[in-house]
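Novice: sequence unknown, structure follows:
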């Protein structure tokens, strides 16, 4: 009878230990998630943007129409790709996330024309 009582106490202690370990690791994981954006050089995690205007439909994803262009905060963005990662995914500074997983990118500014070097201008004509 004493052995059965000792075994029950040990099983109860093991279950309690596993329960405390689960809660502690869950809190530790939450703290890590909160600290991650504060890392130097962390990518942008903006949440879902709300387009002011969408035009030129090109397909569908997740029951939503994909539009080639979206106007967000007065800037025009072009559809880049679809992602299943949610609004918390890391994006480049020129990208915006639109639910349900559409990533729009702002086009890069056109390069400025090259300035010819003084010796490339040719002979000076009067």
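Specialist: Perfect, I can see it now. All values derive from a computational prediction rather than experimental measurement.

Novice: quick one, strands of the protein?
Specialist: Here the chain has its strands, by DSSP state E, at 53-61, 64-72, 75-82, 95-98, 102-105.

Novice: How about the helix or strand of the chain with the lowest mean pLDDT, which residues are buried there?
Specialist: In the chain, no helix or strand scores lower on mean pLDDT, DSSP states H and E than helix 2-35, which sits at a mean of 82. By 16 or more other C-beta atoms under 10 Å, helix 2-35 has no buried positions at all. Every residue, glycine included, has its C-beta placed from N, CA and C.

Novice: Also stretch 83-96?
Specialist: Of all the residues in stretch 83-96, those buried under the rule 16+ other C-beta under 10 Å are 87, 89, 91, 95-96.

Novice: Likewise for stretch 51-68?
Specialist: The neighbour-count check on stretch 51-68 (16+ other C-beta under 10 Å) flags 51, 54, 66-67 as buried.

Novice: now stretch 75-83
Specialist: For stretch 75-83, by 16+ other C-beta under 10 Å, it's 77, 79-80.
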